[in-house]
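[1] Could you look at this predicted model? Sequence included:
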Amino acid sequence: MRQSPMTPGEQRAITRRRLIQLSASSPLVVLTSSLLAGCGAAATSQKSANSGKKEEDKGGMPPIDYGLSFLTGKAKWNRVRFWVESRTRIRDERTGQYQDYYQCASCKSENTFGKKDLFVEDNYDFIPIFGPVDGIIFRRKAYLNPGYREWKSVDKMWEGQEYQLRQPRASRLLTSSGEIQKATQEGTPLVAQTEIADKGTGLRATIEFPVKTMNIRDEEPTYQVDTGPVAFPDLTRRYPRSAECLSLAFVAFNAPDFADFVIEDETPILEKGKTLTQVHHYSRRVSLPAQNRLFANDPN
């Protein structure tokens, strides 16, 4: 995977401090999955998708407030609410259109609204990702299970979703290690954007996530982000459905120009050189050229 050149607007966003004055009232943006399909589907040619690209060129992708952003199902039988943990925007540079995918917090398999025994016996981790057209559900059991990854139309995932996305009152781009260290020490909420690209396929992605773990050192202005899970896109090929390119991963970086990922994949359990069994585990490591940005979000 190779890195594509930055647009002039993206270069300006990197090289100068940018203060995004949003709204003192912390606006709540509520979108339905049908609206998102209209403005984000890479397979369409609607003008609204191109408008999204123009907004990016002017000032980048403004970060959302991850402490206050949710996706809610529309089904009357379970209006489930998921906490948004990361956003991955996949852009087709040949058309200028993009799709946004929202990875939500993990939970456990459950007997929802049961009278007792609320966790099912053969329990598993449950992580959903919602896109404008398709979504993914990851079900990770203690052993290698064939139903680990399931793709579904989003209108069949709790009968569609409402996107309750809040933006911070203000957000500023941190442009030096010293600024990053200072914001970390002050306890300011941090949001990262890691941008990767592949020139061969013409695909670019921005992975955005709240920084849950940040490492800094007192003796010098340095830092290291370590956070996950995020929705990691494989940009080296074009999939029939964009959602098929996504995997769960953790991301780490300590410089503006590269990022390392450890991706959940089929992993052998070895004993004395022999494979006893296989599980899904964060084991596949990838290092990629990237454009990393860190934002300090003013708390609401």
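    Noted; the coordinates are in hand.
[2] can you give me the helices in the stretch 51-200 of the chain?
    In the stretch 51-200 of the chain, the helices defined using DSSP state H, counting those that start in this stretch lie at 177-185.
[3] Residue 265 sits in which helix or strand?
    strand 258-271 (DSSP states H and E).
[4] what is the mean pLDDT for that strand?
    Computed over strand 258-271, the mean pLDDT rounds to 95.
[5] Partner strands of that strand, with direction?
    strand 246-253 (antiparallel), strand 274-289 (antiparallel) (DSSP bridges).
[6] Comparing those strands by mean pLDDT, which bottoms out?
    Among the strands paired with strand 258-271, strand 274-289 carries the lowest mean pLDDT (a mean of 94).
[7] Check what contacts that strand and list those residues.
    1-3, 140-145, 148, 196, 228, 248-250, 257-270 (CB atoms under 8 Å, 6 or more residues apart in numbering). For every residue, glycine as well, the C-beta is placed using N, CA and C.
[8] what's downstream of it, the next helix or strand?
    Following strand 274-289 in sequence order, the next helix or strand is strand 291-297 (DSSP H and E).
[9] rewinding a little: tell me what angle the strand holding residue 265 forms with strand 291-297.
    Relative orientation of strand 258-271 and strand 291-297, computed by axes from the mean of the first three to the mean of the last three CA atoms, to 10 degrees: 100 degrees.
[10] For strand 258-271, buried residues please.
    258, 259, 260, 261, 262, 263, 264 (16 or more other CB atoms under 10 Å).
[11] again with stretch 140-149
    Per 16+ other CB under 10 Å, stretch 140-149 contains these buried residues: 140, 141, 144, 148, 149.
[12] ok, now stretch 222-231?
    223, 225, 226, 227, 228, 229, 230, 231.
[13] What's the mean pLDDT across it?
    The model assigns stretch 222-231 a mean pLDDT of 96.
[14] what's the strand holding residue 265 in contact with?
    Under CB under 8 Å, 6+ apart, the answer for strand 258-271 is 138, 140, 144, 194, 196, 228-229, 232, 247-253, 275-290, 292.
[15] which among those end up buried?
    138, 140, 144, 194, 196, 228-229, 232, 247-253, 279-282, 288, 290, 292.
[16] name the element residue 232 belongs to?
    Since the elements are taken from DSSP H and E, residue 232 ends up inside strand 223-233.
[17] for that strand, packing partners?
    strand 81-92, strand 97-104, helix 177-185, strand 190-198, strand 203-210, strand 214-216, strand 246-253, strand 258-271 (3 or more CB pairs under 8 Å, 6 or more residues apart in numbering; DSSP states H and E).
[18] Strand partners (parallel or antiparallel) of it?
    Going by DSSP bridges, the partners of strand 223-233 are strand 214-216 (antiparallel), strand 246-253 (antiparallel).
[19] lowest-pLDDT helix or strand in this protein?
    When each helix and strand of the chain is scored by mean pLDDT, DSSP states H and E, strand 19-21 comes last, with a mean of 34.
[20] What is the nearest of the buried residues of stretch 140-149 to residue 117?
    Comparing the buried residues of stretch 140-149 against residue 117 with CB to CB places residue 141 closest, at 18.0 Å.
[21] pLDDT wise, what is the closest one at?
    Value listed for residue 141 in the pLDDT field: 94.
[22] swap in the one 3 residues further on?
    pLDDT, residue 144: 92.
[23] again, but for residue 240
    Residue 240 is given a pLDDT of 89.
[24] what about it, neighbour count?
    7 (other CB atoms under 10 Å).
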